[in-house]
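1. With the input below, show me the fold.
(2 chains)
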Number of protein chains: 2
Amino acid sequence: MAKAKQRNMLIAQSGGPSSAINASITGAIARGMASTKIRNVLGAVNGMQGFLDRQIINISDQMKRSEDFDLLIHTPAHALGSSRYKIPKEGKEIYGKITEILKDYDIGYFFYNGGNDSMDTVNKLADFLKEAGEDIVAVGIPKTIDNDLELTDHCPGFGSAARYVATSVAELYLDTIVYPIPAVTIVEIMGRNAGWLTAAAALARDTGVPAPHLIYLPEVDFDEKAFVMEVRRLLEKESKILIAVSEGIHDADGNYLADTGAAEDMFGHKTLGGVATVLEEIIKKQVDVPKLKTRAIQFSTLQRAAAHCASTVDLEESYQCGYRAVEAAVNGKTDIMITIARISDVPYVVRYDEGKLELVANKEKKVPAAWITKAGTDVSEEMLTYLRPLVTGETTELLTGGLPRFFRFDLEKTVMPWEVK
Amino acid sequence: MAKAKQRNMLIAQSGGPSSAINASITGAIARGMASTKIRNVLGAVNGMQGFLDRQIINISDQMKRSEDFDLLIHTPAHALGSSRYKIPKEGKEIYGKITEILKDYDIGYFFYNGGNDSMDTVNKLADFLKEAGEDIVAVGIPKTIDNDLELTDHCPGFGSAARYVATSVAELYLDTIVYPIPAVTIVEIMGRNAGWLTAAAALARDTGVPAPHLIYLPEVDFDEKAFVMEVRRLLEKESKILIAVSEGIHDADGNYLADTGAAEDMFGHKTLGGVATVLEEIIKKQVDVPKLKTRAIQFSTLQRAAAHCASTVDLEESYQCGYRAVEAAVNGKTDIMITIARISDVPYVVRYDEGKLELVANKEKKVPAAWITKAGTDVSEEMLTYLRPLVTGETTELLTGGLPRFFRFDLEKTVMPWEVK
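-> The predicted model follows:
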């Protein structure tokens, strides 16, 4: 059998961190290093932004020990760095530059690991390369704690964040009930337009606690009057209330409760944060219960970086998505994203599939109305059935003296094209 | 051998939560239920406050399965509820009432699980009982994430909080470095007057990350000018800085940076919180670095409730302190607190001991000056050697579907004196 023509593969990461994002590149790197069609596994630093600056490292050279792969799986947040750079729809110059770099480095397989904005980038690039007749494929590897990508049953990274949220909400609830005074705790959870992660707070009840008592998702218009009435009603029945709220809740006119008036981010999205404090103020002003203690808690970036609370199922699926992206690419597939299809809830069985990038790019899958209760303050049993398998399994990270260890690339050690030919 | 006269024992909890506090009562309960000298193990709900209201449950009746003990060890925050009630130094009426209830319930052994304020309560009670000639002993079981109790090498609850802080700081750092922009992250950690828990952030470096870059403890007067200069200097060398700061830092005049002007708590301590935001504002105003991203993060109550990140060593020692408190009490000891003496750092060996409550009550052990670097912005190698063994060991909580389960007492099911005679 003639030796297959070897090309290089390149992988890059984009968007916001997750604690499973590096499990995906580990799967891709492991498959790439084991493929007869691939010479070197390269990585671009800081996504497309670093790629355009030719910040390219040789991963094949940097991952030598099998332990490196284990450590990388459990290392949270883009090991290759991220960027919020979005390539324009048109623009001969930029696509020309990308193609030039790809050819310079003899890259036949391009992989981009990220969320909906990142999938838009791969989609545009794959389309351009096809039209230009270049023999280079581009495949997307999904990732987002927001769980808002279309076509896939759920997103790599989501299960770990969901496990962190459910576990922490349960623990926080136990913390809030120790004093014999009425208390309202408001926990703010990430998710600008999709309430999946906030919904995962409902799993806290599987631990036996009654929290959260109220769940507010961005899919439902927030009604301040109804909120105040609901809190008052609950406090008549029990003295400790925990509320899970998405950072992205808004009124019927679309005004974000947490709107800080701050500048928009690089993608033009509003920078949010602080909705828990807004709800706390509403309660302080409008709920007149003697000695009522209110506390606003933000999970902040811990919910997306807490590798110590990752879900084994999520890490395994994230790895598989990376692995299968390379598998698909070396078999000539392009302009696709690896997807997860759920075959069964119990026992939990999934199948990996491929979806067209144009059907994912820039789209957001929201929580279906049928999975939210009529009052708009809780999620349905269908949601819980959907969520449960995703948080399964203890993490298996390698600990030294009780603390985790991480794999870190030498991102300064960039290579020149001739070094990887 | 004549059967020993059986009396009841009562245990209660007080002060702030920790994720190991119930490991201590599990040790006490297990020893109590196995003692020939003890008839029933009783619990008071919400500490001395509930005790005075005769909110007393029969723990021996409520813990039937061996699994209950395993679950209770891993359940964070006072399973018996807490209170901030502090008994007065003098006051015939209140001590008379306490003695009456103790005798009504035939309690020969009284245990109080808490921090320095709680040890003051046991101390006063034990003294009163001795002077009154009552045949009732009172023993303290230490607990505080602040690690500020005198006589003991360290405090049950601290190691778990320290493990959470070190792990989360390392994970957060990885989250902060993904974008190619300069960033300062400020992490606020509990500890009003003692910086032990904030110092534990230094262990994050054991995972291989350079964070935290600066550590501010309440033992060192905070100097705003020096702080700004230090941040500027660091940002010239590297683009991502993580600062660990204690909620209790203050200027040379003793003014808390985070002083919100809020009311004092039930013990007369200032309610703090928000120092990270204060430092963030200082940086925004005085550090002029283009595109600098600042972020203030509060670990909030998660640092004291995150049982999922508990230290095995801490849980084991917390259990032992409870166990040994009962052991001491049934052997006639009173007015003491169980202490931990460190025999060796490596290998880590401890011995349990007893200390006089009057030497613990209302005192605060601070971080020694020798364990803080000269500049006042870091801790010494001695501190790291001290901290390392305390965070050791993976947690072993029982998971179902990836989520923890907890043991919860039925706190409503109080008993009358004749039911436990």
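2. Can you name the element that comes right after the host helix or strand of residue A:160?
-> Following DSSP states H and E, one finds residue A:160 within helix A:158-176. Next helix or strand after helix A:158-176 toward the C-terminus (DSSP H and E): strand A:183-189.
3. after that following strand comes which helix or strand?
-> Sequence order places helix A:196-199 as the next helix or strand after strand A:183-189, per DSSP H and E.
4. can you map out the helices along chain A?
-> Secondary structure of chain A by DSSP state H: the helices cover A:21-33, A:47-52, A:59-62, A:66-73, A:92-104, A:116-131, A:158-176, A:196-199, A:224-237, A:275-286, A:302-305, A:312-330, A:381-387.
5. is chain B contacted by the last one?
-> No - looking at helix A:381-387 against chain B by C-beta under 8 Å from any C-beta of the partner chain, there are no contacts, and the closest approach is 10.0 Å. In this view, the C-beta of every residue, glycine as well, is placed from N, C-alpha and C.
6. Any idea which of the helices of chain A gets closest to residue B:214?
-> Evaluated over those, closeness to residue B:214 peaks at helix A:302-305, with 20.1 Å, by C-beta to C-beta.
7. now residue A:185: how far from chain B?
-> To chain B, residue A:185 is 8 Å away according to C-beta to the nearest C-beta, to the nearest Å.
8. Repeat that for residue A:395.
-> As defined by C-beta to the nearest C-beta, residue A:395 lies at a distance of 9 Å from chain B.
9. Which neighbouring elements make contact with the helix holding residue A:160?
-> Helices and strands touching helix A:158-176, by 3 or more C-beta pairs under 8 Å, 6 or more residues apart in numbering or on different chains; DSSP states H and E, are strand A:183-189, helix A:196-199, strand A:240-246, helix A:302-305, helix A:312-330, helix B:302-305, strand B:403-404.
10. Any residues of the stretch 301-421 of chain A in contact with chain B? List them.
-> The stretch 301-421 of chain A comes close to chain B at residues A:301-302, A:304-309, A:311-313, A:388, A:391-394, A:399-406, A:408, as judged by C-beta under 8 Å from any C-beta.
11. quick check: angle from the helix holding residue A:160 to helix A:21-33?
-> Between helix A:158-176 and helix A:21-33, the angle comes out at 160 degrees (axes from the mean of the first three to the mean of the last three C-alpha atoms, to 10 degrees).
12. circling back to that earlier point, please convert the helices and strands packed on helix A:158-176 to JSON lines, extending it with distance to residue B:218 and mean neighbour count.
-> Converted to JSON lines, the helices and strands packed on helix A:158-176 look like this (distance: least, C-beta to C-beta, whole Å; neighbours: other C-beta atoms under 10 Å in any protein chain shown):
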{"stretch": "strand A:183-189", "distance to residue B:218": "26", "mean neighbour count": "27"}
{"stretch": "helix A:196-199", "distance to residue B:218": "35", "mean neighbour count": "29"}
{"stretch": "strand A:240-246", "distance to residue B:218": "30", "mean neighbour count": "27"}
{"stretch": "helix A:302-305", "distance to residue B:218": "23", "mean neighbour count": "26"}
{"stretch": "helix A:312-330", "distance to residue B:218": "39", "mean neighbour count": "24"}
{"stretch": "helix B:302-305", "distance to residue B:218": "16", "mean neighbour count": "25"}
{"stretch": "strand B:403-404", "distance to residue B:218": "32", "mean neighbour count": "22"}
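13. want to throw these into a markdown table with mean pLDDT and distance to residue A:361?
-> Formatted as a markdown table, these follow (pLDDT from 0 to 100; distance: least, C-beta to C-beta, whole Å):
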| stretch | mean pLDDT | distance to residue A:361 |
| --- | --- | --- |
| strand A:183-189 | 97 | 26 |
| helix A:196-199 | 98 | 19 |
| strand A:240-246 | 98 | 23 |
| helix A:302-305 | 96 | 22 |
| helix A:312-330 | 98 | 16 |
| helix B:302-305 | 96 | 36 |
| strand B:403-404 | 96 | 34 |
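14. where are the low-confidence patches of chain A?
-> Across chain A, the ranges flagged by pLDDT under 70 are A:1-4, A:90-91, A:260-273.
15. what residue lies at the spatial centre of it?
-> Nearest residue to the geometric centre of chain A (C-alpha atoms, centre = their mean): residue A:144, 1.8 Å.
16. I'd like the distance between the residue lying closest to it once chain neighbours are set aside and chain B.
-> Spatially, and ignoring its direct neighbours in sequence, residue A:144 is nearest to residue A:115 (3.8 Å; C-beta to C-beta, 6 or more residues apart in numbering or on different chains). Taking C-beta to the nearest C-beta as the measure, residue A:115 falls 13 Å from chain B.
17. Looking at the helices and strands packed on helix A:158-176, spot the one closest to residue A:291.
-> Nearest to residue A:291, of all these, is strand A:183-189, at 9.2 Å by C-beta to C-beta.
18. now for that closest one, which elements pack on it?
-> Strand A:183-189 is packed against helix A:158-176, strand A:240-246, helix A:275-286, strand A:293-298, with contacts defined by 3+ C-beta pairs under 8 Å, 6+ apart.
19. Which one, of those, ends up nearest to residue B:173?
-> Per C-beta to C-beta, nearest to residue B:173 of the helices and strands packed on strand A:183-189: helix A:158-176, 17.1 Å.
20. Just want the angle from the closest one to strand A:240-246.
-> Counting by the same axes, to 10 degrees, helix A:158-176 lies at 150 degrees to strand A:240-246.
21. Off-centre distance for helix A:158-176?
-> Computed by C-alpha atoms, centre = their mean, to the nearest Å, the chain-centroid distance of helix A:158-176 equals 17 Å.
22. Return the residues of the stretch 151-300 of chain A in contact with chain B.
-> Near chain B, when you scan the stretch 151-300 of chain A using C-beta under 8 Å from any C-beta, you find A:163, A:166-168, A:170-172, A:174-180, A:203-204, A:206-209, A:295, A:297-298, A:300.
23. what does the domain assignment say about chain A?
-> Following automatic domain parsing, chain A resolves into domains at A:7-147+A:308-363+A:394-420, A:158-307.
24. ok, back up a step: OK, contacts around the residue nearest to the centre of chain A?
-> A:15-16, A:18, A:114-116, A:155, A:157-158 (C-beta atoms under 8 Å, 6 or more residues apart in numbering or on different chains).
25. wait, which of those is closest to residue A:284?
-> Residue A:284 lies nearest to residue A:16 out of the contacts of residue A:144, by C-beta to C-beta, at 31.6 Å.
26. Can you report how many residues lie near that closest one?
-> By other C-beta atoms under 10 Å in any protein chain shown, 24 other residues sit near residue A:16.
27. wouldn't residue A:172 be in contact with residue A:297 here?
-> Yes - between residue A:172 and residue A:297 a contact is recorded at 6.6 Å, counting by C-beta atoms under 8 Å.
28. what sits in contact with each of those two?
-> Shared contacts of residue A:172 and residue A:297 (C-beta under 8 Å, 6+ apart): A:185, A:187, B:301-302.
29. Mind telling me the two of those residues farthest from one another?
-> Farthest-apart pair in those is A:185 and B:302; separation 11.6 Å (C-beta to C-beta).
30. Which residues of the stretch 1-150 of chain A lie near chain B?
-> Within the stretch 1-150 of chain A, the positions lying close to chain B (C-beta under 8 Å from any C-beta) are A:17, A:19, A:46, A:49-50, A:75-78, A:81-84.
31. Just give me the closest of the contacts of residue A:144 to chain B.
-> For those, the closest approach to chain B (C-beta to the nearest C-beta) belongs to residue A:16, at 8.3 Å.
32. quick one, what contacts that closest one?
-> With contacts defined as C-beta under 8 Å, 6+ apart, residue A:16 is in contact with A:82, A:115, A:144-145, A:304.
33. again, but for residue A:184
-> With contact taken as C-beta under 8 Å, 6+ apart, residue A:184 is in contact with A:231, A:235, A:240-243, A:280, A:283, A:287, A:292-295.
34. thinking again about what came up before, dump the residues of the stretch 1-150 of chain A next to chain B into CSV; add neighbour count as well.
-> What follows is these, written out as CSV (neighbours: other C-beta atoms under 10 Å in any protein chain shown):
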residue, neighbour count
A:17, 25
A:19, 35
A:46, 25
A:49, 21
A:50, 23
A:75, 27
A:76, 31
A:77, 26
A:78, 29
A:81, 23
A:82, 26
A:83, 27
A:84, 20
